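**Q** Test case, fold it:
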Amino acid sequence: MNTTFPILLPVQKASETVGKVIKKGIMLYLNQQFTRGVQKKIDLPIIEKLSGVKIVTDFKLGYSPERINPAIKTHTLSNVIKVVSGCDAESLDEIAKVYELVVKAGVHRTSGIKVAEAAKIIENTQRDLNIALT
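**A** I've put the predicted structure just below:
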């Protein structure tokens, strides 16, 4: 799959790798920094096409946007609240349980992947405004 956004080529390649090995019953976790819709428009179509399995019915998806800011040394995985979501209640519960083992700051469960993506957009917008206004 070609895209006009070359930065997404590694994402496409990773999705192809997953699509070649994923099987029914798998729980797939995505922790990405990319823009809204990448999972729905790029990751999932590639994975489903190459594997022949379908999200929700054949495999589950948990998603969490990346929130660590490498420029701030105190922002590490364990001390920044982790926003999590899933394709259904089961996957949301599973991804939350995994992160609750390592994130001391806590885990925030969202109602869906679009909500988690929106949280990331708001966070990025706030950061960019703060930079622009200083």
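**Q** For the protein, which segments count as strands?
**A** Applying DSSP state E to the chain gives strands spanning 27-32, 60-65, 82-86, 107-109.
**Q** Out of the ones you listed, which one sits most buried?
**A** strand 82-86 (a mean of 25; mean count of other CB atoms under 10 Å). Just so you know, the C-beta spots here come from the backbone N, C-alpha and C atoms, and that holds for glycine as well.
**Q** now for that strand, which elements pack on it?
**A** strand 60-65, helix 89-100, strand 107-109, helix 113-133 (3 or more CB pairs under 8 Å, 6 or more residues apart in numbering; DSSP states H and E).
**Q** which of the residues in the longest one are buried?
**A** What that stands for is helix 113-133. For helix 113-133, a neighbour-count test (16 or more other CB atoms under 10 Å) marks 113, 116, 117, 119, 120 as buried.
**Q** what's in contact with that helix?
**A** Under the contact criterion CB atoms under 8 Å, 6 or more residues apart in numbering, helix 113-133 has outside partners 35-37, 39-40, 61, 63-67, 69, 83-87, 110.
**Q** ok so, going back, save the strands of the chain as TSV, and put in mean pLDDT and distance to residue 49 too.
**A** Below are those laid out as TSV (pLDDT from 0 to 100; distance: least, CB to CB, whole Å):
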stretch	mean pLDDT	distance to residue 49
strand 27-32	87	15
strand 60-65	92	15
strand 82-86	95	22
strand 107-109	97	30
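**Q** Reformat these as TSV; add distance to residue 45.
**A** Formatted as TSV, these follow (distance: least, CB to CB, whole Å):
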stretch	distance to residue 45
strand 27-32	14
strand 60-65	13
strand 82-86	19
strand 107-109	26
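**Q** quick one: which of those is nearest residue 16?
**A** Smallest distance to residue 16 across the strands of the chain (CB to CB): 13.9 Å, for strand 27-32.
**Q** Next one, pLDDT for the closest residue to residue 49 other than its chain neighbours please.
**A** Nearest residue to residue 49 in three dimensions, chain neighbours excluded: residue 19, at 6.8 Å (CB to CB, 6 or more residues apart in numbering). Residue 19 is assigned a pLDDT of 94 by the prediction.
**Q** hang on, isn't residue 19 packed against residue 51?
**A** Yes - Residue 19 is within contact range of residue 51, at 4.8 Å (criterion: CB atoms under 8 Å).
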